[in-house]
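Engineer: here is a sequence together with a model predicted from it:
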Amino acid sequence: MDKILEGLISSDHSVPVKKAIVKKVVEAAEKDVTEEQCQALFVLTTRLLLLGEDAFQKQIGFQVLEAYARYHRPEFEQFFTKDFVLSLLQQGYEQLDRKDPAIIDYIHCCLRLLISCPSVLEIFSVIQVEVLRMVCERPDPALCARFSTLLSDFVQCIPREKSGVLFCQQLVRTISYFQCFASQERELREYVGQVTKVSTLLQNIWKADPTTLLPSLQEVFSIISSTDPSFDPSIALASLVQHIPVQMITVLIKSLTTDQNVRDASMTKALCRMIDWLSWPLAQHVDSWVIALLKGLAVVQKFTILIDVTLLKIELVFSRLWYPIVRQGALNVLSHMLLSFQHSPEAFHLVVPHVVHLAQSLKTDGLPNSKAFLLQFTELIHCMMYQYSGFPDLYDHILEAIKDLPKPVEEKIKLVLNQSAWTSQSNSFASGLLRHAGKSETGKTGLINLGNTCFMNSIIQTLFMATDFRRHVLSLNLNGSNTLMKKLQLLFAFLAHTQRAAYAPRNFLEASRPPWFNNGSQQDCSEYLRFLLDRLHEEEKTLQLLESTKPNVDTSSKEQESHSSEIGIKPEGEGTTLIERTFGGKLITGIRCMQCNCVSEKEEPFTDLSLAFCPSTTSRDSPGTQGTSEMPKTLCQGSVNGGSEVSETSSAKVPPTSVQFAPVTNDSPLSVPDLVNYFLAPEILDEDNAYFCEKCVSLQRAERTMKVVSAPEYLILTLLRFSYDAKCHVRRKILENVTIPPLIRLPVHNVSTPVQCSPTSFSSVQVDPAESSENLAKKLKPSQRDEEEEEEEKVRMVGEEELRQGDPMPIHSVHYVLSSVVMHSGISSESGHYYSYGRNINGVDGTQHPPNHLAIKDDPGNGPVEDSCSALSLSSEQGSALAPSSQEAKDWLLFNDSRVTFTSFQSVQNITNRFPKDTAYVLMYRRQELPGQSTNGGLLANGMRQSTEPPLQKELLDAIIKDNKLYLQEQELNARTQALQASSSSCSFKPNGSDDNNPPGSCGPSGGGGGGGGLNTISRLVF
């Protein structure tokens, strides 16, 4: 039979004839055939299968072998033995090499025919050993795919136990040697199919024996982390990632990133090669692994690796966005890399030249998912342009290309950026020693206490939260200058853009500290605030004066405007300074002789109003009554650190009937409007404080009044809580709880005719180092006449009949919304701590997000406008704004030196009830214009209210980038040092969390802040 078959194959008969004869041969297998004939047929068919010249011969060999092996199983067992299989695998077949895939196919075919025979078990044992040897020889993808198919069908051939672990590791390494030289799509598909078969085999082994998984992954990392320049692992390894359980990502990444034996160079190589895997088609979860590793490295502060890899691979990742099959995974990685790389625009600017081309392609390629993908892509680009604004030459063409697509709101952009920064990554991977204090969830930056500098930190944060002031300071062109305003601008830029959780304002402290403030000692924050604003004002005035004295040069108006902006002068300000336009208001102080009704008026500027407590309040609530039965009836209001100590014993406040003000009683809690009304209420000058009337030419009893005639954009109110006890010769703190309304109405008198007095230039309160005591309340309410003041006053005679007709100045109300509150925690002026509350106010109308969150319930035109300050109610549908809702809780922030946390307005109002020693000291209100209401020359009229944060100028951006890089290096070095110490020390780590358990005003466990509500806490310094 074998001779017939062999002659038929070599004959020149037609194919139909040959097929007919072969059919007869196959049918003859059912008949009795001698053992010799079977063996001869098995040899012939084996030769045809392995060495057949064409597919027809191999087909004949397979048909005949299958028929005779089925009907003559014992004879086939004697032919296909373990020795024959071993010789095939080790020596090949005649001229056929042992590594030829045809041999594996032949063995696979014979095993299917022999599966029910006992002898097959011996063959399985041989194959287990031989496949391990073969895989160590690094077979090519075709051979590897063939025996992977064999092992998948006959799992008994897979090595077991230790040999199984070794087999998986060697198979992983074999995949790393796969190379694709395909130039046609068909060849590429074939290559991908071969790799998929091998990776599927590994997946089946890992499922059957989970102990082989971790060694396999360790081998993967060993391969991709190799720094051998002569070896470049194949990206075919990406095919394995989709078979690794996703829930193992956290465990494996933690193991990798915290392993001290892994060198940075190896980790860099591994990360770069994992990013290359994004090119592998059909692989799933590659982006998840890459992002997880990036986050893990950020947690352990390997910032050098992150920077190097991002700059090296960002363009490659971007290029993958052109290929739909890998596009989504590439965008996920690109988004994480760009959004986390926040210390510098360098990475983003590498891909900027390619953005427009890709956006245009996505608009026109017609693919079903391109539109949704384009929206994701443009949202990312908007976030990056927001983060690194100030490059119009780079961004203009991008904005033009995506102008028709939706833009994310600013709050969403801020949230995305805050959550994506390297310093904001979850530290769940890191051990206790490796955890670092990243920025808080608020996204705001704290200020490091440099030694009793909480007075400065609280004021700086308050000014920073004054949205219009901050934005205008950041928009000034001060390049090359060394002014105090430049230092404030740099400080604001760091607070807004640094990656540090807290910034150390050493340079600003040295530049802004009053000369009489001793370094490291306690100071008064309100005194510092006045000095700072005065310095900034005088500095700008000087620059304006120098500018005005320069000779006229024939230049274009554009050049003049540019030069003016360099020194901070705004043409629309008409010569006024930024401090005047932001915080400046005007008061008219009038003194009426009660003998002849002669009135003398003087207009004075102010930047803050110092609000005294009425004597009844101070005597009732001062803590200094220990050992005395009663307090003095009159107390002088002074500053925390050395205020005026001259008691105004001869003056008394008399609230007239025209001012709706009632003395505070126990049933009526004191409020900020009460203090403002007390400040504005008429005062009787009598006895030792009598007024010298020029008409009467003698000392006369007189009435002094104050009227606000120009309301500032930001109203600063200082509560004079520190009084001098003339009887005990000590300064005491008034612990009266003052209700702080979120909205107030300030009465402002319209000046119908110019005040007839000599013009006075704007002047903040000049603090004399020798006196260190003058405050604005004393300046606006002098107890004796000064000769220079007399010359500046213009006496105006008014008849008694005219006075009876009422105030010639019509009154209008100016509405204010609360912006910030500086709290003082402590029981005296010699001890305590400052911290502040700030509110996010974003809109140009003075509202916070969302718009009209605290809309004013007002009905202008109904009835006369009151000439007293009062709190405003909220509309009924928005009355819940004061409740600690999730949105409102995001609007209020607590700044306590380095710590910044979310809080609520309810917490601001109740802080003194919870901690009696924590009281409001300095308040800042922002002017809120009602719909249709004129700003009367305010910031809006001057174009000073900006709806968005201004772009950073190059000099500021360079400084921030430099410091951010330094910070990342510091964090990385610190993490390495701590890890080194942890590995060489057996002592346990105990994080110091005591500060977190203290009330907001506390600097430590024994401090005056909060103190559990008692009054017997030991005294300590202000810091």
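Structural biologist: Right, received. Where do you want to start? Keep in mind it's a predicted model, so treat the numbers as computed, not measured.

Engineer: so how far is residue 242 from residue 734?
Structural biologist: Per CB to CB, to the nearest Å, residue 734 is found 70 Å from residue 242. Bear in mind the C-beta positions are built from the backbone N, C-alpha and C, glycine included.

Engineer: who has more neighbours out of the two?
Structural biologist: residue 734 (24 against 17; other CB atoms under 10 Å).

Engineer: residues contacting the closest residue to that one other than its chain neighbours?
Structural biologist: In space, and not counting its chain neighbours, residue 734 is closest to residue 721: 4.7 Å by CB to CB, 6 or more residues apart in numbering. With contact taken as CB atoms under 8 Å, 6 or more residues apart in numbering, residue 721 is in contact with 613, 733-735, 824, 919, 921.

Engineer: can you say which helix or strand has residue 819 in it?
Structural biologist: Taking DSSP states H and E as the definition, one finds residue 819 inside strand 811-828.

Engineer: quick check: mean pLDDT across that strand?
Structural biologist: Average pLDDT, strand 811-828: 88.

Engineer: which strands or helices does it pack on?
Structural biologist: Packed against strand 811-828, as judged by 3 or more CB pairs under 8 Å, 6 or more residues apart in numbering; DSSP states H and E, are the following elements: helix 454-464, strand 730-733, strand 743-749, strand 831-839, helix 905-914, strand 918-927.

Engineer: strand partners (parallel or antiparallel) of that strand?
Structural biologist: strand 743-749 (antiparallel), strand 831-839 (antiparallel), strand 918-927 (antiparallel) (DSSP bridges).

Engineer: comparing these, which comes out most buried?
Structural biologist: Of the strands paired with strand 811-828, the one with the most neighbours on average (mean count of other CB atoms under 10 Å) is strand 831-839, at a mean of 27.

Engineer: could you give the angle of that strand to helix 454-464?
Structural biologist: With axes from the mean of the first three to the mean of the last three CA atoms, to 10 degrees as the basis, strand 831-839 and helix 454-464 are set at 10 degrees to each other.

Engineer: send the alpha carbons of strand 831-839 over as CSV?
Structural biologist: Extracted C-alpha coordinates of strand 831-839, given in CSV (Å, rounded to 0.1, in the frame of the first residue of the first chain):
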residue,chain,number,x,y,z
SER,A,831,0.2,86.9,74.1
GLY,A,832,-1.8,85.3,71.4
HIS,A,833,-1.9,84.2,67.8
TYR,A,834,-3.3,85.5,64.6
TYR,A,835,-5.0,83.5,61.9
SER,A,836,-7.5,84.5,59.2
TYR,A,837,-10.6,83.4,57.4
GLY,A,838,-10.9,84.2,53.7
ARG,A,839,-13.7,83.9,51.2
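
Engineer: centre of the chain versus that strand, how much separation?
Structural biologist: Computed by CA atoms, centre = their mean, to the nearest Å, the chain-centroid distance of strand 831-839 equals 23 Å.

Engineer: any stretches of the stretch 351-500 of the chain with poor pLDDT?
Structural biologist: 390, 423-438 (pLDDT under 70).

Engineer: all strands for it, in order.
Structural biologist: 446-447 (DSSP state E, counting those that start in this stretch).

Engineer: what of the stretch 651-800 of the chain?
Structural biologist: Using DSSP E, counting those that start in this stretch, strands in the stretch 651-800 of the chain cover 651-653, 683-685, 691-693, 698-700, 702-710, 714-719, 722-725, 730-733, 743-749, 794-797.

Engineer: can you list those in a markdown table and add mean pLDDT and distance to residue 295?
Structural biologist: Below are the strands of the stretch 651-800 of the chain laid out as a markdown table (pLDDT from 0 to 100; distance: least, CB to CB, whole Å):
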| stretch | mean pLDDT | distance to residue 295 |
| --- | --- | --- |
| strand 651-653 | 42 | 63 |
| strand 683-685 | 89 | 65 |
| strand 691-693 | 89 | 73 |
| strand 698-700 | 88 | 78 |
| strand 702-710 | 90 | 54 |
| strand 714-719 | 93 | 41 |
| strand 722-725 | 75 | 50 |
| strand 730-733 | 76 | 49 |
| strand 743-749 | 90 | 43 |
| strand 794-797 | 40 | 71 |
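
Engineer: would you reformat those as TSV and include distance to residue 913?
Structural biologist: Rendered in TSV, the data for those read as follows (distance: least, CB to CB, whole Å):
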stretch	distance to residue 913
strand 651-653	27
strand 683-685	32
strand 691-693	42
strand 698-700	46
strand 702-710	31
strand 714-719	17
strand 722-725	21
strand 730-733	17
strand 743-749	21
strand 794-797	48
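
Engineer: packing partners for the helix or strand containing residue 87?
Structural biologist: Assessed by DSSP H and E, residue 87 sits inside helix 82-91. On a contact count with 3+ CB pairs under 8 Å, 6+ apart, helix 82-91 meets helix 101-114, helix 120-136.

Engineer: mean confidence for it?
Structural biologist: 92.

Engineer: pull out the buried residues from that helix.
Structural biologist: 82, 84-85, 88-89 (16 or more other CB atoms under 10 Å).

Engineer: quick one: distance of stretch 440-454 to the chain centre.
Structural biologist: With CA atoms, centre = their mean as the basis, stretch 440-454 stands 15 Å off its chain's centre.

Engineer: in that stretch, what counts as buried?
Structural biologist: Judged by neighbour count using 16+ other CB under 10 Å, the buried positions of stretch 440-454 are 440, 442-450, 452-454.

Engineer: max pairwise distance over those: which two?
Structural biologist: Using CB to CB, the pair of these lying farthest apart is 443 and 452, separated by 27.8 Å.

Engineer: follow-up on the earlier one: quick one: closest of the helices and strands packed on helix 82-91 to residue 48.
Structural biologist: Taking the helices and strands packed on helix 82-91 one by one with CB to CB, helix 101-114 is closest: 10.5 Å.

Engineer: any low-confidence regions in the stretch 851-1000 of the chain?
Structural biologist: 851-889, 930-947, 978-1000.

Engineer: how close does residue 312 sit to residue 840?
Structural biologist: 38 Å.

Engineer: scratch that, residue 232 is what I was asking about
Structural biologist: Residue 232 is 51 Å from residue 840, by CB to CB.

Engineer: neighbour-wise, which of these two wins?
Structural biologist: residue 840 (16 against 12).

Engineer: that one reaches residue 891, doesn't it?
Structural biologist: Yes. Residue 840 is in contact with residue 891 according to CB atoms under 8 Å; the separation is 5.1 Å.

Engineer: about what we covered before: would CSV of the strands paired with strand 811-828 with distance to residue 682 be doable?
Structural biologist: Converted to CSV, those look like this (distance: least, CB to CB, whole Å):
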stretch, distance to residue 682
strand 743-749, 14
strand 831-839, 33
strand 918-927, 24
